[in-house]
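[1] Sequence first, predicted model second:
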Amino acid sequence: MCPIQIVSVDLFNTLVDLSSERHILWQTFLGETSTPTRIKQGWELTTQTLFNALDQMNATSKYQSFRTVFQACYTEVFERLQVAFDPEEAAGLLVRHHARSPWFSDAVPCLESIRRSLRVCVASDTDEAMVGEHVREYPFDMRFTSERLRVYKGDAQNRFFEAIVGYYALAPRQILHVGDAPAEIVAAQRAGLQTCWVNRPGRVWPYEYPPDYEVASLTALVALVGDGNRNSTGKC
């Protein structure tokens, strides 16, 4: 295995916890009609609509901001579920909730441990406005976002991850990408990076080719990175 020089880490649901977002946002959107069932239905339908929109952009190499995409998603979902809330305002609330979402408890200790020997960058499908001040102030080596690169991670031409490889001028296998979404792991694999899937919920890997590593927490990632480099061959 090639020794790792750079650790590229996804932001949302990997370093930053969005778990309470669905309840807070959808309670606001639904108002007096809010129920656990309606919240779940709205969240799941929006997620599916979002993934469809991203798949289309990735296939056509077109770019729109996350806020614009979410506004379109909410327009469609609110109409289907008869939600009397303005989609533009809803997208603005989503952006602000992302920016306020906290670190996972294991995130900063993990970053601090890895940074003792390796450089760490953030790689996130996000608008800059969705990145909270606590993340902006953290001394990452670099922050790669879809807004800055004008492309999402799943881009069919691999432009997101190739931008990371090009920035560091390293062999792709010298970079380890860490994330919670299987689709982004697959995209990083296509670009030749080593990959680590953060599988907090204990899901089953849904694709043919597994990641190089799988961990249930960022605490486990620290040991993995150290062990992986100690056992590497030094050849890329």
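    Happy to help now that I have it.
[2] confidence score at Ile24?
    According to the prediction, Ile24 has pLDDT 89.
[3] Count the residues that sit near Glu32.
    Counted by other C-beta atoms under 10 Å, the residues lying close to Glu32 total 5. For the C-beta atoms, the positions are set from N, CA and C on the backbone; glycine is no exception.
[4] now the helices for the chain?
    Taking DSSP state H as the criterion, the chain contains helices spanning 21-30, 36-60, 66-81, 87-100, 107-114, 133-136, 146-149, 159-168, 182-190, 218-230.
[5] Please render the ones you listed as TSV that adds mean neighbour count to the earlier fields.
    TSV is the format used below for the helices of the chain (neighbours: other C-beta atoms under 10 Å):
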stretch	mean neighbour count
helix 21-30	18
helix 36-60	15
helix 66-81	18
helix 87-100	17
helix 107-114	18
helix 133-136	14
helix 146-149	19
helix 159-168	19
helix 182-190	21
helix 218-230	17
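[6] could those helices be laid out in a markdown table, adding distance to Gln174?
    Shown next, in a markdown table, are the helices of the chain (distance: least, C-beta to C-beta, whole Å):
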| stretch | distance to Gln174 |
| --- | --- |
| helix 21-30 | 34 |
| helix 36-60 | 25 |
| helix 66-81 | 29 |
| helix 87-100 | 30 |
| helix 107-114 | 15 |
| helix 133-136 | 25 |
| helix 146-149 | 20 |
| helix 159-168 | 8 |
| helix 182-190 | 13 |
| helix 218-230 | 11 |
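[7] out of the ones you listed, nearest to Cys121?
    helix 159-168 (7.0 Å; C-beta to C-beta).
[8] what angle do that closest one and helix 36-60 make?
    60 degrees (axes from the mean of the first three to the mean of the last three C-alpha atoms, to 10 degrees).
[9] Quick check: which ranges of the protein have low pLDDT?
    Filtered on pLDDT under 70, the chain yields the residue ranges 227-234.
[10] Report the residue ranges of every domain in it.
    For the chain, automatic domain parsing gives the domain ranges 6-17+101-230, 21-100.
[11] could I get the ones you listed as CSV with distance to Cys236?
    Below are those laid out as CSV (distance: least, C-beta to C-beta, whole Å):
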stretch, distance to Cys236
domain 6-17+101-230, 4
domain 21-100, 27
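[12] Arg96 and Leu45, how far apart?
    Applying C-beta to C-beta, to the nearest Å, the value for Arg96 to Leu45 is 22 Å.
[13] ok, now Arg190?
    In terms of C-beta to C-beta, Arg190 sits 29 Å off from Leu45.
[14] what does Tyr63 give?
    Note on Tyr63: its distance to Leu45, by C-beta to C-beta, is 24 Å.
[15] for Phe104, same thing?
    Taken as C-beta to C-beta, the span from Phe104 to Leu45 is 26 Å.
[16] Report the contact partners of Val165.
    Residues near Val165 by C-beta atoms under 8 Å, 6 or more residues apart in numbering: Pro172, Ile175, Ala191, Gly192, Leu193.
[17] Run a quick neighbour tally on the residue nearest to the first one when sequence neighbours are not counted.
    This points to Pro172. In this structure, Pro172 finds its nearest non-sequential neighbour in Gly192, 3.3 Å apart by C-beta to C-beta, 6 or more residues apart in numbering. Neighbourhood size, Gly192 [other C-beta under 10 Å]: 16.
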